[in-house]
Every structure is written in structure tokens, then in C-alpha cells.
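Q: any chance you could fold what I've pasted below:
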Amino acid sequence: MLQRIDGEHQRSAYAPADASQQSEFISLREIAAFLRRSFLTIGAAIVLTTAAGTYHVLTAVPQFSARAQIVIDPEKSLTLRQQMGEIGVPLDNAQVESQIEFLRSERIAAAVLERLGLASDPEFGGGEGPKAPSLYSRIHDHLIEPKPAPPVEQRGVALSIFASKLSVRRIGQSYLIEVLFTSTDPDKAARISNATAEAYIADRVGAKSQAAVRSSMWLEARIAELRQQLNNAARAVQEFRAENNIVDAGSRGLLDDQQLSELNSQLVTARVRTAETRARLERIQSIITSEIPDAAVVEVLGNSVINNLRERMVNASNREAELVARYGEDHAAVVSLKNEVREYKRAMANELNRISETYKSDYEVSRAREEALTSDLAALVGRSTATKKAQITAAELETIAQTYRRMYESYLQNLADSVQRASYSDSDARIITAATKPLTKSYPQSKLFIAVSFLVGGTAGIGIALLRQALDRKVYSPKQIRQELAVDCLGAVPAYGSRRLWTRAFDVGRSRSRPRIEGRSARPARDVSPFVDGMRDLKTSIDLARGIRSVRCVAISSLHSNEGKSTIAGNLARLFAYAGTRTIIVDGDIAGATLSTEFAPGAQKGLLDVLSGKENADDVIVLDKTSPLHVLPVSSNPAIPHGRELLGSDRMRELLNDLSTKYQLVIVDLPALQAGADARSVSPFIESFILVAEWSRTSIDLLREAMLLLTAKQVNLLGVVINKVDGRSIRKLRDVGDTFYI
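A: Predicted coordinates for the structure are as follows:
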């Protein structure tokens, strides 16, 4: 890929279409390569932790764990709950967790320690108990004589040790609680576990009994107070009723109400009686007004005297009529009968007057009674109204008295229940599984402990290896170049042992003969040296770049002067020359002049003479002795002042343009970027730039800074070449499948 630092990307048809867009994934090969690289670190960590775990298993004092199970809120008798006055409310999670914390409390621990006499047990700090056979403990016991701890401190130590060995947990979401105790003695572990459960239940029973006793004492005092308040309230009701004449007649209500009802009934009766006597009086007076009452009136009166007189008068009138008809009106018998009739009428009138006086007397009596009853009723109504008002206050006092009475009765019932609970305390917890002597140790579990040690060692080793890899900011792989710098890696070239790399290596690459290289018979270049293969990969990458666009001038530089940039430049130039490309290499490293020493030893004139205008470029260019490569060396003439400043001059630009027209490829070996500003001053004249990074030596961060420096010069960066990769690493890179493309 052609990579411009200013962000402009071009890609060859030979590169993957989405290589710059897809994220880098870690493959199984990369993981395997990482494990191979970190084998010693991971292995050492595993060996150390496994050895430590094995030593601990062999030397640690074995621990035994015994467990007992307690159930909270078992199925209690419903009759007993009703007798105790309890309401069956289900336990919630908070209540169960509270019971678990209570089991872990110092109160239970102290009860168990006191019951079993564990305060003097060596395992609980009461003496010199069994200790781990460690070197530190033996030296400490030999040099420092142990002193007995004070009783208070010894008790605290025992409680602390007890708490560390006790484990209480809830089984799932049930009401079952598991009490587990760990000790060096299996029998002791079972005893302590059972004692802890029993102490918890006993404490629960004792707490309930004590609560019932305290409740009874409080209730007795409260009942005495309520009794006094009840008596005062009842006395206040009675006194108020007496003061306000409020008399209760039982089921018929107040006495005033009863009298008012009776008086009202009497008044109604009196009014009826008065009306009746008045009607009779008026009737009798109307009869008296008429001389002789008719028979209907007489019959209505029902008076026997009047009836008798009327009957006689009728008979006399009848005889008178007969005698008048027979003898006439002047007959003495007729006159006698007329006188008799008049007497009867007078007697009847007298009787009617007498009856009228009687009726009048009855009427007067009835009216007087009615008036008296009316007066009494009015007075009683007024008194009843005042009584009703006072009755409201009396009702309030009665309500207060009744409230005190209900409270008094309720507290009496609670006192009876409390006394019953104090005499019989039931526990809402019981042991369902007692702890038994454990048959196997719970700690350390040899196989599990060693396996965990192995896993911990492997994890720690991998972590250390990853940390080392993360902290190591050196260049190692093409993938790292692509991920960290967002540029392509053109190739990874192995290290070559001889200084005259370009002579020995590519003399072999030029022919198929079998010359000897460093005492060994040479093979064809493909088989002779991995260095040759690396350089050919680099040349292939540049050829692909030249196929995309015209690249006639390529500069090669590095961060530091000892990273092999001149080696890469010289061998790359020879490869292009061998391939038939008209190539010239310009030695721009004035301070080093490594290429001039190898290709044109003893040259007196060169690049600086051309830039100073003393010589023509064609006159100082030399031909390589072993290849068709043209070389423009650096002048060794010390008479040229300020030669390094000439690299950034216009003459350098003109020289490179001129060489680009005469040669198909111009390769410039520039000074190291960290050595000075020479490479940066020439970079604007260069079409493409290649950075050389030394494997495991060049910092990726410094390489990024160098790219940022080139950004300001608008340099076309072809990519980065990783140089001096050792043989094993280059094979691992190829095994992983890391590729070099442009």
C-alpha cells in the first residue's frame, strides 16, 4: 500500500481490499506464537506456584470441618400459637439474615468458649498449640520467649480465633442455616459445631423467657396505674350524674325521660277527659234550654230517674189524651192528669239541672287537671333539656371510664399470657442435623490446592508476559506497525553476520553457482540465506508500489545510525540493478559514508563536490564492480566547508531531478533522523520514503514521532522495513501468517 502521512491512501490490486478498514483480530496462530515466546516466563511461574502449593500441602496442619443444621420457624402447633397469643407471620430474608449474624456474634462465641472451656485450649491461643513447621516460626520461638497474655487480651484472641474458624450460611432460600466449624481435631470440630447450635437455641429460649419476665413486671406496674385511673374515671361519672340529677332507669333510659313520657300520656288523657266533659256539659245545657228532651237525648243520657219520669209523663199524657177525647178538657180527671204531667216535667227539669251541675263540676275538675299537667310538663321539659346537655358530658366521662376499663382488661389478659410464656418458653428454632466427626480433612485439599496453584501460576505467568509485552514498546512484527502507526510494513529482513553484506550476499543471488560463504558451500539465493529472501520480499513490495504510480526516487533512512539503513539501501539497489532496472544509489549520509566506503573506496570526489558546483555529476558517478549499479559517493575532500547544509539546497533538488530523468530508480541513503536535520532537509525533494526500524531495538513511539516530523514535509511514505530480525523470530512470524503488503 502506498501510504501518505498526510492521510491520503492508495492501494495496490495485490493488497486485500479491506485491509485498511478491518480491525485486527487475534488468531489462534498469534496466541500460539505468544505462548511460545513466553514459554519460559509462564513455565517458571507455574513451577514456582505449584512448588509452593505442594510445599504448603505437605507442611500445613490439616483442618477438619463439622457441620450442623438449624431450621428457623419450624412447624409449631397452631393451638400453642393461639394460647400464646402469637400471630403466625412468615419470616422474611432480613429476619433470616439477622439470625445468621446472631449466630456469628460474640455472645454465642463466648457462651461456647465458656461451656466447653476453650479459653485454655492451645488452638484458641490458650497455650503453645501446634504451629506450622516454618523457618520463621522456629527462629521466632527460639529467639523470643513467649509471654502469657493478659486474661482480657487472651479472651479477645480466643474470640477472634473462634470467629475465624466458624462459618454460618443460609442454604439456598430456605429457612435452614448451616453451622460449620473448622478445627485441627475432628472430634473438637463436631463438639463445637453442636455446642454453637445449642447455645444459639438456648439463648433464644432464655431471651424469650427474660423478655416475658420483663414484660410481666412492666404489665403489673401498668395495671396498677390503670386501676387507679379507672377508679378515678368511674367516680367522676357518678359524681357528675348526682350533681346534675341524671338518674338512669335501666333499659327504659333516664328517669326524666320516663317521667316526661308518663306525664305526656296523662296530659293527653286529661285533655280527652276535659273535651268529653265539656261536650256533655254543652249537651245537657242544650237539653235544659228545651222544655222537654226528646227520647233520643234521654236515652243518650242514660239516667234512670229521667227515664222513669219520662215514662210516667208519657203514660199520663196518653191517659190525658184518652180522657180528653172521652170527657173533654174540663173534666177533673183530665185536669188532674195535666197537673201530673207538669209535675213530671218539672221533676225532669230539676233532674237535668242537677245533672248539668254535675257535668259542670266534672268539666271544671278536668280542665284544672289539664292545666296542672300542662304546667308540670313544661317544667319537666325544661329540666330534661338541661339534663340532656349534662348527659353529653356524662357520656364523655363514661367513654373515658369504659376506655380505661378495656385497657385494664386487655393488660390483665396480656399479663396472664406473659406469665404463661415465662413459665413455658418455646423456641422457634431447632437442630435438625447434629454435627458428626468428619472423616476427611477439609483443608488443605491436596489435589484441588495443587490444581489451583497450577492455574494461578499459569494465569500469573500469562499476566506477566502480557505486561512485559504491553510495556515493551519496541518494534517486533508487521502487524504491530500496521496497528500502531497505520502504515504498511514492506518487509522483515533477518540479520546478516558479515559487514560486506552487499558483496557476499548478492554475488550469490546473481548467479546459480555454488561459491563458499563464510566457510560453507553456498546454495542458490532462495536457499542460501533468509536475508536474501527478506530483501527480495522488500523489492517485491516496492515493485508493487511502482506499479501503481511512478516512483523514481526513493529515500531510505532510520531513526538511529546503527539500525542497518545503509545495508538495506545497498542491497536493495543491487537487487534492482540485477533485475535490469537502471539504478543509481546516492550516498547522502555525509557523517557515516558507509556506502561510499564499500562501493567506491578511496573516491576523492563525490556528492558534496557536485552540490558545491566544483564538479559535474557525471564525472563523479562510479560503477559498482560486481553489479550494473551506479553509485554517487560522498566526497572525502575536507576543503568543502558546510557540506551538510548543502543537502537541503536547491542544487540538491536539481541533482535529484536530473538523476530521475537519467535513471529508472534513484535510491538515496539519508542520514539517521535522530542524527540531525539532514534527512528532513532533503525529504521535500524525495518522491517516496522508506523508514528502517531495527527489530527489538527501535521504539515504536519514537518511530511515530519521526513520522510526525515527516508529516510537515508532505512526504510520501511507502512503509517501514523491520531489519535485523533473528532467525527464530522470522520463522515465527511466518508461522503466524503475518504478511507484508502495500
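Q: tell me what the longest helix along the chain is packed against?
A: Secondary structure of the chain per DSSP state H: the longest helix is helix 332-423. On a contact count with 3 or more C-beta pairs under 8 Å, 6 or more residues apart in numbering; DSSP states H and E, helix 332-423 meets helix 78-84, helix 186-243, helix 255-289, helix 304-327. In short, each C-beta sits where N, CA and C put it, glycine included.
Q: between the ones you listed, which gets the lowest average pLDDT?
A: Mean pLDDT is lowest for helix 78-84 among those, at a mean of 46.
Q: closest one to residue 37 among the helices and strands packed on helix 332-423?
A: Among the helices and strands packed on helix 332-423, the nearest to residue 37 by C-beta to C-beta is helix 186-243 (49.1 Å).
Q: tell me the angle of the closest one relative to helix 332-423?
A: Using axes from the mean of the first three to the mean of the last three C-alpha atoms, to 10 degrees, the inter-axis angle of helix 186-243 relative to helix 332-423 is 150 degrees.
Q: by contact count, what packs against helix 186-243?
A: Contact here means 3+ C-beta pairs under 8 Å, 6+ apart; on that basis helix 186-243 packs against strand 64-72, helix 93-103, helix 106-116, strand 176-183, helix 332-423, strand 429-433.
Q: may I see the ones you listed arranged in CSV, with distance to residue 232 and mean pLDDT as well?
A: Shown next, in CSV, are these (distance: least, C-beta to C-beta, whole Å; pLDDT from 0 to 100):
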stretch, distance to residue 232, mean pLDDT
strand 64-72, 47, 90
helix 93-103, 43, 86
helix 106-116, 45, 90
strand 176-183, 52, 91
helix 332-423, 9, 79
strand 429-433, 46, 86
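Q: residue 323: how many residues sit nearby?
A: 19 (other C-beta atoms under 10 Å).
Q: pretty sure it contacts residue 333?
A: Yes - at 5.1 Å, residue 323 and residue 333 qualify as touching, with contact defined as C-beta atoms under 8 Å.
Q: show me what contacts residue 333?
A: Applying C-beta atoms under 8 Å, 6 or more residues apart in numbering to residue 333 gives the contacts 323, 327.
Q: go again with 10 Å.
A: 319, 320, 322, 323, 324, 326, 327 (C-beta atoms under 10 Å, 6 or more residues apart in numbering).
Q: same check, this time on residue 395
A: Counting by C-beta under 10 Å, 6+ apart, the residues that residue 395 touches are residue 237.
Q: can you give me the buried ones in stretch 61-71?
A: The neighbour-count check on stretch 61-71 (16 or more other C-beta atoms under 10 Å) flags 63, 64, 65, 66, 67, 68, 69, 70, 71 as buried.
Q: share the number of residues neighbouring the residue nearest to residue 270 when sequence neighbours are not counted, please.
A: Leaving out its chain neighbours, the residue that sits closest to residue 270 by C-beta to C-beta, 6 or more residues apart in numbering is residue 370, at 4.2 Å. A count of nearby residues for residue 370, using other C-beta under 10 Å, gives 20.
Q: so residue 370 touches residue 276, yeah?
A: No - using C-beta atoms under 10 Å, residue 370 makes no contact with residue 276, being 11.5 Å away.
Q: gap between the residue nearest to residue 344 when sequence neighbours are not counted and residue 343?
A: The shortest distance from residue 344 to any non-neighbouring residue, by C-beta to C-beta, 6+ apart, is to residue 313 (3.6 Å). Taking C-beta to C-beta, to the nearest Å as the measure, residue 313 and residue 343 are separated by 9 Å.
Q: the more surrounded of the two?
A: Set residue 313 next to residue 343 and count neighbours by other C-beta under 10 Å: residue 313 wins out with 19 against 14.
Q: ok, now which ones touch that one?
A: Counted by C-beta under 10 Å, 6+ apart, residue 313 has contacts 292, 340, 341, 342, 343, 344, 345, 347, 348.
Q: rerun at 8 Å
A: Residues counted as contacts of residue 313 (C-beta under 8 Å, 6+ apart) are 292, 341, 344, 345, 348.
Q: partner residues bridging residue 170?
A: Note on residue 170: beta-bridge partners residue 177, judged by DSSP bridges.
Q: OK, contacts around it?
A: The neighbours of residue 170, taking C-beta under 8 Å, 6+ apart as the test, are 96, 97, 100, 176, 177, 178.
Q: of those residues - the most surrounded one?
A: Counting neighbours by other C-beta under 10 Å, the top entry in the contacts of residue 170 is residue 177, with 21 neighbours.
Q: contacts only, for that residue.
A: By C-beta under 8 Å, 6+ apart, the neighbours of residue 177 are 69, 70, 71, 72, 96, 99, 100, 103, 168, 169, 170, 171.
Q: check the gap between it and residue 188 for me.
A: Going from residue 177 to residue 188 by C-beta to C-beta gives 21 Å.
Q: please report how far residue 552 lies from residue 218.
A: Distance, residue 552 to residue 218, by C-beta to C-beta: 108 Å.
Q: domain parsing for this protein?
A: 39-60+445-471, 63-206+428-433, 250-423, 475-496+542-736 (automatic domain parsing).
Q: how about the ones you listed in TSV, adding distance to residue 236?
A: Below are these laid out as TSV (distance: least, C-beta to C-beta, whole Å):
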stretch	distance to residue 236
domain 39-60+445-471	80
domain 63-206+428-433	32
domain 250-423	5
domain 475-496+542-736	97
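Q: is it true that residue 670 touches residue 561?
A: No - in this structure residue 670 lies outside contact range of residue 561 using C-beta under 8 Å: 10.9 Å.
Q: what is in contact with the two at once?
A: Residues within reach of residue 670 and of residue 561 at once, by C-beta under 8 Å, 6+ apart, are residue 589.
Q: the two: which is more packed in?
A: The residue with more neighbours, out of residue 670 and residue 561, is residue 670; 28 against 18, by other C-beta under 10 Å.
Q: please enumerate the helices of the stretch 451-600 of the chain.
A: Ranges of helices within the stretch 451-600 of the chain are 478-485, 501-510, 525-528, 530-548, 565-578, 594-599, based on DSSP state H, counting those that start in this stretch.
Q: for whichever strand or helix holds residue 608, list the C-alpha coordinates in CSV.
A: According to DSSP states H and E, residue 608 maps onto helix 607-611. C-alpha atoms of helix 607-611 as CSV (Å, rounded to 0.1, in the frame of the first residue of the first chain):
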residue,chain,number,x,y,z
LEU,A,607,28.1,14.4,-3.9
LEU,A,608,29.5,17.4,-2.0
ASP,A,609,31.6,18.4,-4.9
VAL,A,610,28.6,18.3,-7.2
LEU,A,611,26.4,20.3,-4.7
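Q: next SSE after it?
A: Following helix 607-611 in sequence order, the next helix or strand is helix 617-620 (DSSP H and E).
Q: by contact count, what packs against the helix or strand following that following helix?
A: Reading on from helix 617-620 to the C-terminus, the next helix or strand found by DSSP H and E is strand 622-623. Contacts defined by 3+ C-beta pairs under 8 Å, 6+ apart place strand 622-623 against strand 630-632.
Q: just give me the neighbour total for the residue nearest to residue 577 when sequence neighbours are not counted.
A: Using C-beta to C-beta, 6+ apart and skipping residues adjacent in sequence, the residue nearest residue 577 is residue 629, 3.9 Å away. Using other C-beta under 10 Å, residue 629 is surrounded by 25 other residues.
Q: could you do residue 583 as well?
A: By other C-beta under 10 Å, the residues close to residue 583 number 24.
Q: and it, how close does it get to residue 685?
A: 18 Å.
Q: please state the backbone phi and psi of the residue nearest to residue 563 when sequence neighbours are not counted?
A: Spatial nearest neighbour of residue 563, excluding adjacent residues (C-beta to C-beta, 6+ apart): residue 694 at 4.0 Å. Dihedral pair for residue 694: phi -90, psi 130, per degrees, to the nearest 10.
Q: which strand residues bridge residue 694?
A: Beta-bridge partners, per DSSP bridges, of residue 694: residue 723.
Q: surely it meets residue 561?
A: No - between residue 694 and residue 561 there is no contact under C-beta under 8 Å: 10.9 Å.
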